[in-house]
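Trainee: Take a look and give me a structure for this.
(4 chains)
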Number of protein chains: 2
Amino acid sequence: MLIISMLVNSKPAFEFTLENLVRDNNEMPGHLARRFQQIAVAVFLAEVEAAGFDLTPVQYAALAAIKMNPGIDQVTLAGLIAYDRTTITGVVDRLVQKGLLVRHASPRDRRARELQITEAGKRTLRAITPAVEAAQRLMLRGLTEKEGAELMRLLRKAIAAGNELSRAPLRAAELR
Amino acid sequence: MLIISMLVNSKPAFEFTLENLVRDNNEMPGHLARRFQQIAVAVFLAEVEAAGFDLTPVQYAALAAIKMNPGIDQVTLAGLIAYDRTTITGVVDRLVQKGLLVRHASPRDRRARELQITEAGKRTLRAITPAVEAAQRLMLRGLTEKEGAELMRLLRKAIAAGNELSRAPLRAAELR
DNA sequence: ACGTATTGATCAGCATGCTGATTATCAGTA
DNA sequence: TACTGATAATCAGCATGCTGATCAATACGT
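Mentor: Numbering: from 1, shown residues only, chains lettered A, B, ... in the order given. Below is the predicted model of the structure:
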């Protein structure tokens, strides 16, 4: 913010008052995280829409996870892709609405709902995959291949260390 | 999930069934972006609440930007911190509600609202800064100092390349 | 000066993502 | 068996974050 005026009139007479102790956004990992995520979502939606589909990143992740784990219940699904459990309800609702999933009571536990992907869901997933892959490449387009790999490594490492700090930590699926 | 085994042992004896075409989340920069952002927000809120305040990351960023740029209008503010312009309305509403900002019509352009931080806003910003700094460190706690710096560099680079891809790109403030 | 295009702010509507509560069900124990 | 605690799903409520529309005001070209 002040940095900008610094750049504009490049005055070295820069007063380090209390105001200036607020670090520039570019030095805040939290801000960078928000911006990168913002761009990632925009790129994902643009690519998917260009391919003729209407799926959000979250819906895609849920659909893919359910395809990989037929009959999974919602809590396990949430842990698998690190969502909040209350968010899952709405996401699954919308996927069911679109006919990509079916949800029915578990015979083993009447509290739980088992999730199954439909044929339409499988077709959608299959058809959408190239767009999703393109989006993943596009959001790293400013980086070399090496840098992209390093960014992912560092993100994975930071995430692993902070996993338990959010309400929706990643939880490996247990066989039931 | 299965691509990983490919990368790890780079065995060509890998069946490319349809299921396997869905890459593992950990190989998806979009997923990693969401997880890191999720943790960053949780850490921010926890630190700020522990310090006795009730401010979201977005509210903090807006407040800090307004303090740095008194009298800024909402569109310029949005560009400065890369928000969507429609999101700003609600954020500013809540900051005004809390008494941390005042919003009044600009004499130069009656469409625009000039934003000013209040004394209470300044006090809040001053008091909250240690918690914000702590949060920024905490979200990188799994990384060495060098790795943290590299992560930020790579994020900045990727963001710069993707800046125009979101609806809310960063826009340097112009002097008016 | 006039008509048109643009711009600042807001709104309706929708989808995450969270906190905290509730309901139904299950599991373990006295 | 009856009680107690835990668990799966959902809900209300709130804050981002987006699309697309509207309204008032400004800027611009002729």
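
Trainee: Output the strand or helix carrying residue A:63 as CSV, nothing but the C-alphas.
Mentor: Assigned by DSSP states H and E, residue A:63 belongs to helix A:57-68. The C-alpha trace of helix A:57-68 is given here as CSV (Å, rounded to 0.1, in the frame of the first residue of the first chain):
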residue,chain,number,x,y,z
PRO,A,57,-14.0,-27.6,-7.9
VAL,A,58,-15.6,-28.9,-4.8
GLN,A,59,-18.2,-30.8,-6.7
TYR,A,60,-15.6,-32.3,-8.9
ALA,A,61,-13.5,-33.4,-6.0
ALA,A,62,-16.4,-35.0,-4.3
LEU,A,63,-17.6,-36.8,-7.4
ALA,A,64,-14.1,-38.1,-8.1
ALA,A,65,-13.7,-39.3,-4.5
ILE,A,66,-17.0,-41.1,-4.6
LYS,A,67,-16.2,-42.8,-7.8
MET,A,68,-13.0,-44.1,-6.2
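
Trainee: other SSEs contacting it?
Mentor: Judged by 3 or more Cβ pairs under 8 Å, 6 or more residues apart in numbering or on different chains; DSSP states H and E, helix A:57-68 is in contact with helix A:29-50, helix A:74-81, helix A:85-97, strand A:113-117, helix A:119-138, helix B:29-50. In short, each C-beta sits where N, CA and C put it, glycine included.

Trainee: out of the ones you listed, nearest to residue A:64?
Mentor: Of all those, helix A:119-138 sits nearest to residue A:64, with 6.3 Å by Cβ to Cβ.

Trainee: Let me see the mean pLDDT of the closest one.
Mentor: Helix A:119-138 shows a mean pLDDT of 96.

Trainee: and that helix with helix B:29-50, angle?
Mentor: Relative orientation of helix A:119-138 versus helix B:29-50 (axes from the mean of the first three to the mean of the last three Cα atoms, to 10 degrees): 80 degrees.

Trainee: List the buried residues of helix A:119-138.
Mentor: A:121, A:124, A:125, A:128, A:129, A:131, A:132, A:134, A:135, A:136, A:138 (16 or more other Cβ atoms under 10 Å in any protein chain shown).

Trainee: Buried by neighbour count: which residues of stretch A:85-96 qualify?
Mentor: Applying 16+ other Cβ under 10 Å to stretch A:85-96 flags A:88, A:91, A:92, A:94, A:95 as buried.

Trainee: what's the pLDDT at the last one?
Mentor: We have a pLDDT of 97 for residue A:95.

Trainee: Residue A:63 is in contact with that one, correct?
Mentor: Yes - assessed by Cβ atoms under 8 Å, residue A:95 is found in contact with residue A:63 at 6.2 Å.

Trainee: Can you work out which residues contact both of these two?
Mentor: Common neighbours of residue A:95 and residue A:63, using Cβ atoms under 8 Å, 6 or more residues apart in numbering or on different chains, are A:101, A:121.

Trainee: Quick check: residue A:73 vs chain B, distance?
Mentor: Counting by Cβ to the nearest Cβ, to the nearest Å, the gap from residue A:73 to chain B is 19 Å.
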